[in-house]
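Enquirer: predicted structure and sequence below. I'll ask about it afterward.
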Amino acid sequence: MSRPIEDYALLSDLETAAMIGRDGSVDWLCLPRFDSPACLAALLGAPDNGFWRVSPADGTVCTRRSYRSDTLVLDSEWETASGTVRVTDFMPPRTQLPCLVRVVEGLTGAVPMRSTLRLRFHQGRVAPWTRVTDNCTVAVAGPDSVWLGADGPVEEAGDEESTVYDFTVTAGRRLALTLVWAPSHLTELPAPFCVPPDTALKETGDFWRHWTAQCRYQGPWRESVVRSLITLKALTYAPTGGIIAAPTSSLPARIGGECNWDHRFCWLRDSTLTLSCLLRSGYREEAAAWLDWLVRAIAGDPAELQAVYGVAGQRLLPETEAPWLPGYEGSRPVRFGNAAMGQFQLDVYGEVLDALWLSQRSGIPLPEHVWCLVKDLMCFLQRHWQDPDQGLWQVRGPARQFVHSKVMVWVAADRALALGERLGAEVPGTWHSMRDEVGREVCLRGWDAGQRSFVQAYDSSALDAAALLMPSLGFLPAADPRVRDTVRAMGALRRDGFMHRFACDDRAPGREGAFVACSLWYARALAAIGDVDEAYDVFERVLAIRNDVGLLSEQWDPVEGRQLGNAPQAFSHIALVETALTLQKATPRPR
């Protein structure tokens, strides 16, 4: 039986990530980077698909756990009949090879402990060949090897399936277990073993505390904001600056359904929100790195602009299925790669141009060729803005005339005009007329007079939470009656206090959860139209559904009271930070 998604905490070395449950089991780990094949994949299957559990020998769930303040260092404590033990888990920011360190410390009494490592390379499928060398256990399969070592005495009790260490910790005693990935042709002890675990722990804590000290936000939700910013940093691929949507794949939007996607990639839809979040919080260096990644990734023919790219900017992300994995709570198929790379999504043109405009306005240097890029993107849009597309939600079906996509075309033209003015460049007059034409068409064909709301698509009466972004995008001012009416109409998409992205198809297997980011968009839109008290209520309701270590997934099921979708989700945490910053400037809730 799969553990609840909210039972998992995140570890990261800024190039890959691990997901660790309350039972002390790492059930998801891709090495050496976020989008590599998983070598621990029990999250999407069974124990035989790979896990690494370090816990008391009785296998109980920890009594309490938390991240150390302003860090990504996780402390988990167990109170047992024979004593109390703490396991401190962390991944040192990458300098050479990725490693995961687990420090076991006795607090009281004497606690029998067990470490069980079952590696399954190539997405939880391939059992490695194992040998013992240099006081380490080495597992090898194809191009990969994983080295596991302990800095104290342990009793090996392994079998053909797993590497098992038994040991007992008493009050005041510590033992560290270190797991290191290396190319399989490496025969010497990997360098991370040369660093004392206590030194690595101190350096890792110092790194995160130094980073969080740069945060400019000092409002009432600082702890929540800092945790979200740490999560966003943890999902950053440091070598390129790319930020992935989530470190997991195929955690379902509907339990038992087929909506299981791989989110270990970088979406252009996040561009402006990510930049705004980082810049407003004081993280200019990360914002500049994200912009550099963006400009490199989209180089080429504007007709080939994709919605999603790899962490290094790669375009080919072929989607495959893994029939050997039964899926999270039977949600199949399990997918790796993402076919959204081949979808036509008009909104990404607006996202890119909005990000370029925000960067220029914030003083981040733009590449010399940026104006040529702007002209190429606008030239393409002038020919194709009236084409149907798959939209913000990446609908897998016939293309449609999505209202949000057209709004983002308006944003593209608006930001291109603003960039031209600031750069002192010559701007074609057709850009003005295009922006005005798109604006008129959206207000005519995207408006439902009966519902007093903007809708999801032309010739449709369906509501879409993406309309909540209109005032923040500048398409219409918050004071416009159509904006106020739209925000209020969106209340129809709420279920048990949380916002769905659109009306759900109840015929599909499972039940789709409320989209966390949409509830936060709703709070921002409410604040914009002056409904500040309700905005506070919505925001605080979202804060309450974070897990015990402050993480949010993509969706929330208010009926079952559980998280759904890939986790932790950058989009949710970006929206949390942006909403906190917005409410900080709003009129305080009267008391």
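Expert: Thanks, I have the structure now. Numbers count the residues shown, from 1 in each chain.
Enquirer: low-confidence ranges in the stretch 151-300 of the chain?
Expert: Applying pLDDT under 70 to the stretch 151-300 of the chain picks out residues 158.
Enquirer: looking at the chain, which strand is longest?
Expert: Taking DSSP state E as the criterion, the chain has its longest strand at strand 99-118.
Enquirer: how far off centre is the helix or strand just after that strand?
Expert: The first helix or strand that comes after strand 99-118 along the chain, using DSSP states H and E, is helix 121-124. Counting by C-alpha atoms, centre = their mean, to the nearest Å, helix 121-124 is centred 22 Å from the centre of its parent chain.
Enquirer: buried stuff in the longest strand of the chain?
Expert: 99-107, 111, 113-118 (16 or more other C-beta atoms under 10 Å). Glycine gets a C-beta too; all of them are placed from N, C-alpha and C.
Enquirer: what bridges to R114?
Expert: R114 has these beta-bridge partners by DSSP bridges: S55, D166.
Enquirer: next one: it relative to W261, how far apart?
Expert: R114 is 35 Å from W261, where distance means C-beta to C-beta, to the nearest Å.
Enquirer: longest helix in the protein, by number of residues?
Expert: Assignment by DSSP state H gives helix 403-423 as the longest helix of the chain.
Enquirer: packing partners for that one?
Expert: Under the contact criterion of 3 or more C-beta pairs under 8 Å, 6 or more residues apart in numbering; DSSP states H and E, helix 403-423 touches helix 347-361, helix 370-384, helix 429-445, helix 470-473.
Enquirer: let's see it as PDB, backbone CA atoms only.
Expert: The C-alpha trace of helix 403-423 is given here as PDB (Å, rounded to 0.1, in the frame of the first residue of the first chain):
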ATOM      1  CA  VAL A 403      -9.400  32.400 -23.900                       C
ATOM      2  CA  HIS A 404      -6.300  32.400 -21.700                       C
ATOM      3  CA  SER A 405      -4.200  31.600 -24.700                       C
ATOM      4  CA  LYS A 406      -5.500  34.700 -26.500                       C
ATOM      5  CA  VAL A 407      -5.000  36.800 -23.400                       C
ATOM      6  CA  MET A 408      -1.400  35.700 -23.400                       C
ATOM      7  CA  VAL A 409      -1.100  36.700 -27.100                       C
ATOM      8  CA  TRP A 410      -2.300  40.100 -26.000                       C
ATOM      9  CA  VAL A 411       0.400  40.000 -23.200                       C
ATOM     10  CA  ALA A 412       3.000  39.100 -25.800                       C
ATOM     11  CA  ALA A 413       2.200  42.100 -28.000                       C
ATOM     12  CA  ASP A 414       1.900  44.400 -25.000                       C
ATOM     13  CA  ARG A 415       5.300  43.400 -23.600                       C
ATOM     14  CA  ALA A 416       6.900  43.500 -27.000                       C
ATOM     15  CA  LEU A 417       5.700  47.100 -27.400                       C
ATOM     16  CA  ALA A 418       7.000  48.000 -23.900                       C
ATOM     17  CA  LEU A 419      10.400  46.400 -24.600                       C
ATOM     18  CA  GLY A 420      10.700  48.300 -27.900                       C
ATOM     19  CA  GLU A 421      10.000  51.600 -26.100                       C
ATOM     20  CA  ARG A 422      12.600  50.900 -23.400                       C
ATOM     21  CA  LEU A 423      15.200  49.700 -25.800                       C
END
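Enquirer: helix 370-384 and that one, what's the angle between them?
Expert: Here helix 403-423 runs at an angle of 150 degrees relative to helix 370-384 (axes from the mean of the first three to the mean of the last three C-alpha atoms, to 10 degrees).
Enquirer: list the buried residues of helix 403-423.
Expert: By neighbour count on 16+ other C-beta under 10 Å, the buried set for helix 403-423 is 403-420.
Enquirer: now that helix: how far from the chain's centre is it?
Expert: 27 Å.
Enquirer: for that helix, what is the average pLDDT?
Expert: For helix 403-423, mean pLDDT rounds to 97.
Enquirer: do stretch 521-540 as well
Expert: Looking at stretch 521-540 alone, the average pLDDT works out to 96.
Enquirer: would you mind confirming that L576 is in contact with V225?
Expert: Yes. With contact defined as C-beta atoms under 8 Å, L576 reaches V225; the gap is 7.3 Å.
Enquirer: tell me which of those two has more neighbours.
Expert: L576 (30 against 24; other C-beta atoms under 10 Å).
Enquirer: contacting residues around that one?
Expert: By C-beta atoms under 8 Å, 6 or more residues apart in numbering, L576 lies in contact with S224, V225, S228, L520, V542, L543, L552.
Enquirer: and it, that one's in a helix?
Expert: Yes. Under DSSP: H, G, I helix; E, B strand; the rest coil, L576 sits within a helix.
Enquirer: against G219, how distant is it?
Expert: Where G219 is concerned, L576 sits at a distance of 12 Å (C-beta to C-beta).
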